[in-house]
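Asks: quick one, structure for this:
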Amino acid sequence: MADLASFVVILFVCLNFYSLCLTQDVPSKQEILPTVVIEKLFEKMDTMQKRIEQLENNEKAMKQSIINLIGTDAQLRIKIQDLVCKVDDSKNKDDINDSVVKTSDIGEDAITKRSRTKRQFSGTVAFTAYLDHLVKVGNDQPVVYNRIILNEGNGYSNNTGTFRAPVTGIYMFSWAVTARRLSGQHAYDVWVKLMLNGSHMTGTVAESRQEADDNQGSNTAVLRLIKGDEVWTAHYSSAPDIYGDDNERSTSFTGALLFQEEEDIDPIGK
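Replies: This next block holds a predicted model:
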């Protein structure tokens, strides 16, 4: 502030001198304002300019420091949240272990209830079935694969062609359909879609253009199912014939549980 006041005084003197020069004859500059004073004035100006630049640099540095602090704060918040989650998970695991140990002391009813809780299913869920004869299926009607090769978990019914999920989890389904133009028939397409609780998931098509021309369409889907969800394949085209044969077994339906999940998500189509 003292430097600024000195600069203002010197500047005021210079302005008065310049005004005096314009209005009247005055002695030389050396007589009124010595060279030393002018040099001092420029030195002050240079000093103030450097300080202004220094202040600007300090301001930029402070802004960058604030940005860095904000980023560090956000990272710390994330790490704290992760630690809280890990502590909660560890506490939940300890609670589960404690409850398992205590089941021997709380009676048969409690043990039975415990066996029905989440992630207690230890069996395999998988099935494969095929169609062994030619069928005529109406639009949106299920395709019933009547011959079962595998049905672990008893989720598939060869009476209805429907799979019912015994546990909640991620499942994979694959199905194939065959079209064969028989003698006297016109060329046709067969479309079959995968259904989950009545909702169309994905589809496939098989085309037969020439007589005795065999063509197969297939598809695969991975779905999240709640226990009790139903999955089936349904016909959805004008051509009713779906070809099946006990030797070729080219029209089939397969599903398998990939891994089990908890039961706290909303089912599709219900």
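Asks: per-domain residue ranges of the chain.
Replies: Using automatic domain parsing, the domains assigned to the chain come out as 2-80, 126-260.
Asks: most packed of those?
Replies: domain 126-260 (a mean of 18; mean count of other CB atoms under 10 Å). The C-beta positions use only the backbone N, C-alpha and C, and glycine is treated the same way.
Asks: in JSON lines, list the domains of the chain along with distance to Val87 and mean pLDDT.
Replies: Shown next, in JSON lines, are the domains of the chain (distance: least, CB to CB, whole Å; pLDDT from 0 to 100):
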{"stretch": "domain 2-80", "distance to Val87": "10", "mean pLDDT": "69"}
{"stretch": "domain 126-260", "distance to Val87": "25", "mean pLDDT": "89"}
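Asks: dump those domains to CSV, plus distance to Ser90.
Replies: CSV is the format used below for the domains of the chain (distance: least, CB to CB, whole Å):
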stretch, distance to Ser90
domain 2-80, 16
domain 126-260, 22
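Asks: tell me where the stretch 51-200 of the chain has helices.
Replies: Secondary structure of the stretch 51-200 of the chain (DSSP state H, counting those that start in this stretch): helices located at 107-115.
Asks: any idea where the strands of the stretch 101-250 of the chain begin and end?
Replies: Taking DSSP state E, counting those that start in this stretch, the strands of the stretch 101-250 of the chain run over residues 126-130, 135-136, 147-152, 156-157, 162-164, 169-180, 188-196, 199-208, 214-225, 230-235, 241-242.
Asks: those into CSV, with extra columns for distance to Gln49?
Replies: Formatted as CSV, these follow (distance: least, CB to CB, whole Å):
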stretch, distance to Gln49
strand 126-130, 81
strand 135-136, 94
strand 147-152, 85
strand 156-157, 86
strand 162-164, 82
strand 169-180, 69
strand 188-196, 75
strand 199-208, 72
strand 214-225, 68
strand 230-235, 78
strand 241-242, 90
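Asks: how about these, which one is nearest Ile52?
Replies: The closest of the strands of the stretch 101-250 of the chain to Ile52 is strand 214-225. By CB to CB, the value is 64.0 Å.
Asks: show residues contacting the closest one.
Replies: 165, 168-180, 190, 192, 194, 196, 201-208, 231, 243, 250-251, 258, 261, 265, 267 (CB atoms under 8 Å, 6 or more residues apart in numbering).
Asks: the inter-axis angle of it versus strand 188-196?
Replies: 10 degrees (axes from the mean of the first three to the mean of the last three CA atoms, to 10 degrees).
Asks: gap between Ile38 and Arg51?
Replies: Remark: distance between Ile38 and Arg51 (CB to CB, to the nearest Å) = 21 Å.
Asks: ditto for Asp82
Replies: Taken as CB to CB, the span from Asp82 to Arg51 is 46 Å.
Asks: ditto for Ala176
Replies: 82 Å.
Asks: before we move on, what about Gly255?
Replies: 78 Å.
Asks: swap in Ser199?
Replies: Ser199 is 73 Å from Arg51, by CB to CB.
Asks: do the same with Asp189
Replies: Taking CB to CB as the measure, Asp189 falls 84 Å from Arg51.
Asks: kindly report the same for Val177.
Replies: 84 Å.
Asks: same check on Leu134?
Replies: Noted for Leu134: a distance of 96 Å to Arg51, by CB to CB.
Asks: just Gly217 next, same as before
Replies: Gly217 is 80 Å from Arg51, by CB to CB.
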